[in-house]
Each structure stands twice: as structure tokens, then as C-alpha cells.
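# prediction below, plus the sequence it came from.
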Amino acid sequence: MSRIEHAEVFVASPARNFVTLRITTADGVTGHGDATLNGRELAVASYLRDHVVPLLIGRDAARIEDTWQYLYRGAYWRRGPVTMTAIAAVDTALWDIKGKVAGLPVYQLLGGRCRDGVLVYGHASGSDVPSLLDDVARFREAGYRAVRAQAAVPGVGGTYGVRKGAIYEPAAASLPDEQPWDTEAYLRFAPTYLRAVRERYGFDFHLLHDVHHRLTPVEAARFGKTVEEAQLFWMEDPTPVENQESFRLIRQHTTTPIAVGEVLNSIWDVHHLITEQLIDYVRTSVVHAGGITHLRRIFDLAALYGIRTGSHGATDLSPVALAAAVHLDLAVPNFGIQEYMEHAPETMEVFRCGVTLADGLLNPGDAPGLGVDYDEKLAARFPYNPRYLPVARRLDGSVHDW
Ligand code: KDG
Ligand code: MG
């Protein structure tokens, strides 16, 4: 038996903020887990440091499921992004350790490969339609088989999903950036650029779009119907997810596939969406939905209903979360697609990660465990930098879903 000897929580900002848990066993084996919750990082760091680490010391590192149950049921207070991200970090680090002890990459422990590689989508965006079209071409030339397209709505500043520099980063330093939102302008404009992408580049690649919770159910139904000719792989988060029944209305009006789940944290949060077949892709992630153990459970439930996976993978999920996602994606039968955004060079220097991209597919490599190392000395040179995600306001000044 290999006991957990210590566990450390690192908070650092190599290009952006990441919270990373490292668990070390008495035999000196280390495992890493991502604990980053964008804009609320320190809440998870405290949950881990103050409430979870003391429970880990002396536990058998091999008992992954038992530790998951102990942390989940043992807290009494359940679910929610902070709790589930903290449990996810522990779970992911223990899978990393189990792989290293076994001398096997984690995907082998999960049942082995179901596929040759993990299909990813890249993020094309533009401040207008011509620049979006150029960006789509860039991804196509780089070998991507699937591309998400987002363009700034004319006359409405701060549209979701438009990259300003080389790396997409919506979180701003100091107080949240307040961004205007005009639903009607979006509904008029977004279908035109999705059509323009298809007219220019045809249909031999997957096209995706993220609505980012901005529409009401009936607006989303109208949007889905309007863009049917673009044959989207999915429209993501068409409406806020709290009222899960509202997806039935969208479904009744359009065949555009629906992807939901990046803000959800447990199997109970997606249970109704899945069992009622209200969505086509479940976007819960390793880091925000309880780790590899719990995400596997969600994916298995989804498989029973013909729903495929499409895990969240923006740059606020660290390379540890990306590696864990790719191991799981390789091993589950109902994999659909994996979101992928390149991290900044500083991030990749701190997290040395074996995941590679070739021909539009990710592979985790065959190093034992997750195949990611964390350089805490280098990380210490990038102190935590408090940032907030933006807040959206309608043109009348009232708060809208960002
Ligand atoms: O932190 C929030 C981002 O991860 C989110 O806005 C990104 O919607 C997103 C996506 O689909 O990547
Ligand atoms: Mg999204």
C-alpha cells in the first residue's frame, strides 16, 4: 500500500491563473490535478488546502473510488463548482499516480484505446466576417477537421468568443469588464457569417458555434432553425441551463444538434438533459465535474441515450485537465469531439505536457500516468493575478447572461 505523504496546492499565473494540486506518496510518486475555476480560483485553493489536504494525509493512494466517495459524501454539502473542482483535482492526481505505479498511461487503465486519436475543434474568430473567414482558413490549413466560428456583432462591443491577441482570454484584471449585448443584432448577424463560412469553404469539415447562454428558449429555437442550412456539428449553450426542461422547446423546432454542460458539475446536473434526450453532446469536463472517475460515470449514462461527449477545453483548463480529458476521450465508446485551444508558451513551460496534435487529432503519448509535469520553481515566477470574467449588460443597462 502506498500512503499519501503530502499534498500541495500551487496557485500561479503563467500567462493566466491556474490552481494545481500535487499529491506525493510515501514512495515518492507524484500525481497532479487541475483545480482551476476561472475567476474564483482562491475559493477552490482554500477548499483544498483548508478542508481536503488534511483528509488525504495517510490515505491509501490506490483507493480512488473510495476517496471520491469519502470527499463527496463526507462533506455533507454536495455538488457545486467549488466542491466538484476540488474533488476533481484529487481524483485526477490519484489516476496520475495509479498510472505511474502501474507503468501505464491512464487511458490503458480506463480500458485502452477506442480510437486512433481525439478529434478536436479549434477556435476561429474575427472582428468582422472577412477576418473570421481568414481565421477559419488558418485552422483548416493547420489540419483541423473541426472549427468553431464566432464573429463580433457589428455595433455591439465585446461579443463573446472573439480573440484579441494570439491567445483567447476573456478574464480581465481588476474588476469585471462590462460588455454590451443586443440579442436582435446577434440573431440577424450570426446566421450570415455561418452561411459565409460554408459558402467559402464548403461542408467537408465540422463547423461549430457557441451561443454562450445568450438566448431565451424560443430565441434559441429560432436561431437553430435559421442556421440549419449551415449543418452545424452543434450549437452550444443556446440558453441558460438551469431550466433543463426549456431544451425541449428548442428540440421541438430544430434539428441543429445541441451541446450543453461546461458549467455543470455532476451527474445529477445533467441527468434530466440526458435521460430526456434534450441534448446531443454533453460538455462536462474532468476539472469541473469531479475528475476522471465522475466524468466517466456521466459519459456512460450519456452512452445509454446515444448522447456523445464534447468536453469543455478552453485555455482556463490547465494542461493537466487537457491531458486527463484526452486519456478519457481515447477510452470511451461515445466520444464525440474535444474542445482544444492552444495554451500560451509560458503555460507550456510550467506544465510540461506530452499531449500532441497532428492532423486534427490529439494524442496523450505513452508516458506512465497523465504525462504532465509541473515545474513549481518556474511557476513561482508567475504570481497569482486576480482576474474576473466579464459581465454582459443589455442595451437598457440590465444584466444579461455572459
Ligand atoms: O471560463 C469561461 C470559459 O471557459 C468559457 O467562456 C469558454 O464557453 C467557453 C468555451 O466554450 O470554451
Ligand atoms: Mg462554451
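Received, thanks. In this text, all values refer to a predicted model and were calculated from it rather than measured experimentally. Ligands and ions are numbered 1, 2, ... in the order given.
# please name the residues that touch the most centrally placed residue in the chain.
Geometric centre of the chain, nearest residue: His312, 2.2 Å, by Cα atoms, centre = their mean. By Cβ atoms under 8 Å, 6 or more residues apart in numbering, the contact set of His312 is 261-262, 283-285, 288, 339. C-beta: built from backbone N, CA, C; applies to glycine.
# at 6 Å instead, please
262, 283, 285, 339 (Cβ atoms under 6 Å, 6 or more residues apart in numbering).
# turn those into JSON lines, including distance to Ala151, pLDDT and secondary structure.
Output for the contacts of His312, formatted as JSON lines (distance: Cβ to Cβ, whole Å; pLDDT from 0 to 100; DSSP: H, G, I helix; E, B strand; the rest coil):
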{"residue": "Glu262", "distance to Ala151": "21", "pLDDT": "98", "secondary structure": "coil"}
{"residue": "Arg283", "distance to Ala151": "22", "pLDDT": "98", "secondary structure": "coil"}
{"residue": "Ser285", "distance to Ala151": "25", "pLDDT": "98", "secondary structure": "coil"}
{"residue": "Glu339", "distance to Ala151": "18", "pLDDT": "98", "secondary structure": "strand"}
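# which ones, among these, also lie beside ligand 1?
Residues of the contacts of His312 in contact with ligand 1 (Cβ under 6 Å from any ligand atom): 262, 339.
# how about the contacts of His312 in CSV, adding neighbour count and distance to Pro14?
Listed next are the contacts of His312 as CSV, based on neighbours: other Cβ atoms under 10 Å; distance: Cβ to Cβ, whole Å:
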residue, neighbour count, distance to Pro14
Glu262, 24, 23
Arg283, 27, 26
Ser285, 28, 20
Glu339, 25, 21
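# got the residues of this protein near ligand 1?
38, 170, 210, 212, 236, 262, 312, 314, 316, 339, 389.
# out of those, which are buried?
For the residues of the chain next to ligand 1, burial is judged from neighbour counts taken by 16 or more other Cβ atoms under 10 Å, and it is met by 38, 170, 210, 212, 236, 262, 312, 314, 316, 339.
# what number of residues lie near the residue lying closest to the fourth one once chain neighbours are set aside?
Ranked by Cβ to Cβ, 6 or more residues apart in numbering and with sequence neighbours excluded, the top spatial neighbour of His212 is Tyr160, at 4.3 Å. Look at Tyr160: counted by other Cβ atoms under 10 Å, it has 22 neighbours.
# just Asp300 next, same as before
Using other Cβ under 10 Å, Asp300 has 13 neighbouring residues.
# how much space between it and Asp316?
If you measure Asp300 against Asp316 using Cβ to Cβ, to the nearest Å, the figure is 26 Å.
# quick one: the strands in the stretch 51-200 of the chain?
Using DSSP state E, counting those that start in this stretch, the strands of the stretch 51-200 of the chain run over 118-126, 146-151, 172-173, 178-181.
# okay if I get these as CSV plus distance to Arg188, mean pLDDT and mean neighbour count?
Output for the strands of the stretch 51-200 of the chain, formatted as CSV (distance: least, Cβ to Cβ, whole Å; pLDDT from 0 to 100; neighbours: other Cβ atoms under 10 Å):
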stretch, distance to Arg188, mean pLDDT, mean neighbour count
strand 118-126, 17, 97, 23
strand 146-151, 13, 98, 25
strand 172-173, 28, 85, 12
strand 178-181, 14, 94, 18
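# could you save those as JSON lines and add columns showing distance to Asn334?
Shown next, in JSON lines, are those (distance: least, Cβ to Cβ, whole Å):
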{"stretch": "strand 118-126", "distance to Asn334": "13"}
{"stretch": "strand 146-151", "distance to Asn334": "17"}
{"stretch": "strand 172-173", "distance to Asn334": "37"}
{"stretch": "strand 178-181", "distance to Asn334": "34"}
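# bridging residues for whatever residue of the stretch 101-250 of the chain ends up closest to ligand 1?
Among all residues of the stretch 101-250 of the chain, Asp210 sits closest to ligand 1, at 4.8 Å; criterion: Cβ to the nearest ligand atom. Beta-bridge pairing for Asp210 (DSSP bridges): Glu236.
# my read: it touches Glu236, true?
Yes - the pair Asp210 / Glu236 is scored as a contact, 4.2 Å apart, by Cβ atoms under 6 Å.
# contacts only, for Ile274.
Counting by Cβ under 6 Å, 6+ apart, Ile274 makes contact with 301-302, 305, 307.
# change it to 7 Å
Taking Cβ atoms under 7 Å, 6 or more residues apart in numbering as the criterion, Ile274 is in contact with 282, 301-302, 305, 307.
# which of these fall in strands?
Among the contacts of Ile274, the residues falling in strands (DSSP state E) are Val282.
# out of the contacts of Ile274, who's nearest ligand 1?
Val282 (13.4 Å).
# count the neighbours of the closest one for me.
Per other Cβ under 10 Å, the neighbour tally for Val282 reads 29.
# partners of it in the sheet?
Applying DSSP bridges, one finds that Val282 bridges with Val260, Thr309.
# does it touch Ile267 like I think?
No - using Cβ atoms under 7 Å, Val282 is not in contact with Ile267, being 10.0 Å away.
# what is in contact with the two at once?
Residues within reach of Val282 and of Ile267 at once, by Cβ under 7 Å, 6+ apart, are Ile298.
# which one, of the strands of the stretch 51-200 of the chain, ends up nearest to Val350?
Minimum separation from Val350 across the strands of the stretch 51-200 of the chain (Cβ to Cβ) falls at strand 172-173, 19.4 Å.
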